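J.: Next come a sequence and a model predicted from it.
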Amino acid sequence: MDRRRLGTSGLVVSDICMGTMTFGGQCDEATSHAICDRAWDAGIDFFDAAEIYPVPPSAELVGVTEEIVGRWMKTKPRETVAIATKVTGPGHGWFTPPVRHGKTALDRRQIVAACEASLTRLGTDYIDLYQTHWPDHGMPYEEVLGVLTELRDAGKVRVIGCSNESSWGLMKSLWAADTNGVDRYQTVQNNFSLINRRCENELAQVCRREQVSLLPYSPLGGGVLTGKYQQGQPAGARFSAYLIDGNERQKKMAQRFVNPRTLETTRRLSEIAQSLGITITALAVAWSRQHDFVASTIIGATSLEQLDESLQARDLILDRETLERLDELDAEIPNPMSEDGLRRL
């Protein structure tokens, strides 16, 4: 497993990160710990959580994922595990989170309270990477960054990052940090996959020029790139549940991921993978890892079998011809996902 630096920080992690949003929801604790053990044995030392996990967020389960990860962490020397988690974004926009009665905000009181609660659930005295889960573009970045800097000064956080951030927002935050003498975001965690390549445009330039690391999530397009939606809505799949019983927001999210363009792209990607003698899962994860502005690709799993499929990419390097074939497909079916949600922020 290769290792890469997060931004310009001192934190160096495995270039595949274990996402945990299924822990406590689709995965019980025993399965979650087995997944962590398998990932650890494969060389993964970077694990990503959030205060509102598992997904879909619910008032009954919020925080359970961090508790499960925290209990697993007790089986390893603390310094050998890099833990990332997130403070929930504002609750007055596209989504009302089931934490702090839905009145969430990125102000001093809430960020500090969220961090302290995460530390307690994780059973640790510091978080390696603390991220804003989504931004509040109506609030001065220097205020948010100032509080995060204080947490880092207090030793409760090592590195700060953001998630679901636009190119404008990331650049604005970096300007605010440099102008006000507070910490910069070292990472940005955004949706990035072979059905959503938008990060290769403006965001990639920001990351390269400003030395910010991208942490792609959903490299399998929310499971679409495994091919499991090719014949309809498979039982037990997240987007199947969203399309059948989800609320309006969940149905729209599922339709962005599962639509005729993404399914056709997946079909053709499957043909490319078959010609190489690999799975489409391995192809998608390997492709994500090969970007120079990517530090660590976040994979998810609900079973050991799913994890093993993704781990096939850990030593896989796609050659120039394969990359060109993927680019040709992207030119023929550009942006298969109708949008990535950032326009709503």
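T.: Sure thing, it's come through. Source: prediction; values computed, not measured. Numbers count the residues shown, from 1 in each chain.

J.: wait, isn't residue 69 in contact with residue 47?
T.: Yes: contact criterion CB atoms under 8 Å: residue 69 and residue 47 qualify, at 6.1 Å. (Glycine included, C-beta is placed from N, CA and C.)

J.: Pull up the overlap in contacts between those two.
T.: Common neighbours of residue 69 and residue 47, counting by CB atoms under 8 Å, 6 or more residues apart in numbering, are 20, 36, 83.

J.: Just the buried residues of these.
T.: 20, 36, 83 (16 or more other CB atoms under 10 Å).

J.: Angles on the backbone of the closest residue to residue 337 other than its chain neighbours, please.
T.: Spatial nearest neighbour of residue 337, chain neighbours left out: residue 196 (4.5 Å); criterion: CB to CB, 6 or more residues apart in numbering. Main-chain dihedrals, residue 196, degrees, to the nearest 10: phi -150, psi 80.

J.: thinking again about what came up before, just name the closest of the buried ones among the shared contacts of residue 69 and residue 47 to residue 330, please.
T.: Of all these, residue 330 sits closest to residue 20, with 29.8 Å by CB to CB.

J.: hmm, who's touching stretch 90-105?
T.: Taking CB under 8 Å, 6+ apart as the rule, stretch 90-105 contacts 51-52, 57-59, 62-63, 88-89, 106, 110, 113-114, 134, 136, 139, 249, 341, 344-345.

J.: residues contacting residue 12?
T.: 3, 4, 5, 6.

J.: Just the buried residues from those, in ChimeraX please.
T.: Buried residues among the contacts of residue 12 (16+ other CB under 10 Å), as a ChimeraX selection:
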select :6
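
J.: Turn the contacts of residue 12 into JSON lines, columns for distance to residue 316 and pLDDT.
T.: Shown next, in JSON lines, are the contacts of residue 12 (distance: CB to CB, whole Å; pLDDT from 0 to 100):
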{"residue": "3", "distance to residue 316": "17", "pLDDT": "97"}
{"residue": "4", "distance to residue 316": "16", "pLDDT": "98"}
{"residue": "5", "distance to residue 316": "22", "pLDDT": "98"}
{"residue": "6", "distance to residue 316": "23", "pLDDT": "98"}
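
J.: could I get the contacts of residue 12 as CSV with distance to residue 253 and secondary structure?
T.: Below are the contacts of residue 12 laid out as CSV (distance: CB to CB, whole Å; DSSP: H, G, I helix; E, B strand; the rest coil):
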residue, distance to residue 253, secondary structure
3, 33, strand
4, 29, strand
5, 32, strand
6, 28, coil
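
J.: Check the contacts of residue 12 and tell me the two furthest apart.
T.: For these, and using CB to CB, no pair is farther apart than 3 and 6, which are 10.5 Å apart.

J.: what touches both of the two?
T.: Here residue 3 and residue 6 share the contacting residues 12, 13, scored by CB under 8 Å, 6+ apart.

J.: Distance check, residue 48 against residue 30.
T.: 21 Å (CB to CB, to the nearest Å).
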